[in-house]
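In: Sequence and predicted structure below; questions after.
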Amino acid sequence: QVQLGESGGGLVQAGGSLRRSCVVSGRNFSIRQMGWDRQAPGNQRELVAAISSAEITNYADSVKGRFTIFRDNAKNTVYLQMNSLKPEDTAVYYCNAVDTFQRGYWGQGTQVTVSS
């Protein structure tokens, strides 16, 4: 069993920054890829960023150059640094992980609100 515990998020003005973190516990040795999704009201859930066990990263076009995903394997933690935030970044952000059997896991989600 894998559990994901998220922290960070909240309310910020446009142009500001936030950092999300996600701690993996349980059978974390089986985790291969971690990342962040988000879902805004009325929209489908979309991938924001992902990082593999080899630290290869992938970003949605809408966040490239503004968001950075990185992981600290010693702490079993993945981070999402969000800079130059825009109102359209407002959404519930979910940490996710995929294990070696391609099973997916998600955190509880946290609201990020960017005011204009």
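Out: Received, thanks.
In: What strand or helix carries residue 79?
Out: strand 77-82 (DSSP states H and E).
In: who does that strand touch, helix- and strand-wise?
Out: strand 18-26, strand 31-39, strand 46-52, strand 67-72 (3 or more Cβ pairs under 8 Å, 6 or more residues apart in numbering; DSSP states H and E). Yep, even glycine has a C-beta here, placed from its N, CA and C like the rest.
In: Flag every buried residue along the third one.
Out: This points to strand 46-52. 48, 49, 50, 51 (16 or more other Cβ atoms under 10 Å).
In: still on that earlier bit, let me have the helices and strands packed on strand 77-82 in JSON lines, extended by mean pLDDT and distance to residue 82.
Out: Formatted as JSON lines, these follow (pLDDT from 0 to 100; distance: least, Cβ to Cβ, whole Å):
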{"stretch": "strand 18-26", "mean pLDDT": "92", "distance to residue 82": "5"}
{"stretch": "strand 31-39", "mean pLDDT": "93", "distance to residue 82": "9"}
{"stretch": "strand 46-52", "mean pLDDT": "96", "distance to residue 82": "9"}
{"stretch": "strand 67-72", "mean pLDDT": "95", "distance to residue 82": "5"}
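In: Which among the ones you listed is found nearest to residue 102?
Out: Smallest distance to residue 102 across the helices and strands packed on strand 77-82 (Cβ to Cβ): 8.7 Å, for strand 31-39.
In: partners of that closest one, with directions?
Out: Sheet pairing of strand 31-39 (DSSP bridges) gives strand 46-52 (antiparallel), strand 91-99 (antiparallel).
In: Quick check: residue 40 vs residue 25, distance?
Out: Using Cβ to Cβ, to the nearest Å, residue 40 is found at 28 Å from residue 25.
In: That'll do, ta.
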